[in-house]
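J.: Prediction below, plus the sequence it came from.
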Amino acid sequence: MFGDIIDRVVEARVRHDLSELATEGGKVQYDSIEIGGTYLYVKGAADEIRWDEVTRVTVDDHQVGITVPHLRRRMEGIKLKADGRRENYRVGGDNTLYIEDKGLSRCRKAIIWSVLSHIADSLDTESR
């Protein structure tokens, strides 16, 4: 019963967030990660990541990967640990931003993963 309530809350929030992203200038904030209709921004980064520059988005059980050329340069200014990590994300040597589920509640993870899955489905990354 409680699981059904969480599922309904997640579905409602995902619908709300996707609706917000569909409006001009719409954006949603998940802790230090901001997602806009045309960009993704990590708090403290030197630059935002425009969705039309993304070459690959993968959504796995425990992480989301967003690959962008020259990502490490764009993430300058973020105080990363020696292994490239910070909070729930890390920047890999392959220019991929990995958003991890570590420390996220089941509900929060489901919302973020669902929104990013919808974005991944809408991007034409196979041709790039």
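T.: In hand now; what should we look at?
J.: and the longest helix for this protein?
T.: Taking DSSP state H as the criterion, the chain has its longest helix at helix 2-22.
J.: Show me where the chain has its strands.
T.: Secondary structure of the chain by DSSP state E: the strands cover 27-30, 33-36, 39-42, 49-50, 56-59, 63-67, 85-86, 89-91, 96-100.
J.: ranking those strands by mean pLDDT, which is last?
T.: Among these, strand 85-86 carries the lowest mean pLDDT, a mean of 52.
J.: what residue lies at the spatial centre of the chain?
T.: residue 116 (5.7 Å; Cα atoms, centre = their mean).
J.: which one is that one nearest to, not counting chain neighbours?
T.: residue 64 (5.0 Å; Cβ to Cβ, 6 or more residues apart in numbering). Quick note: C-beta positions are derived from backbone N, CA and C, even for glycine.
J.: wait, that neighbour sits on residue 109?
T.: No. Using Cβ atoms under 8 Å, residue 64 makes no contact with residue 109, being 9.9 Å away.
J.: higher neighbour count, these two?
T.: Per other Cβ atoms under 10 Å, whichever of residue 64 and residue 109 has more neighbours is residue 64, with 24 against 20.
J.: Alright, calling it a day.
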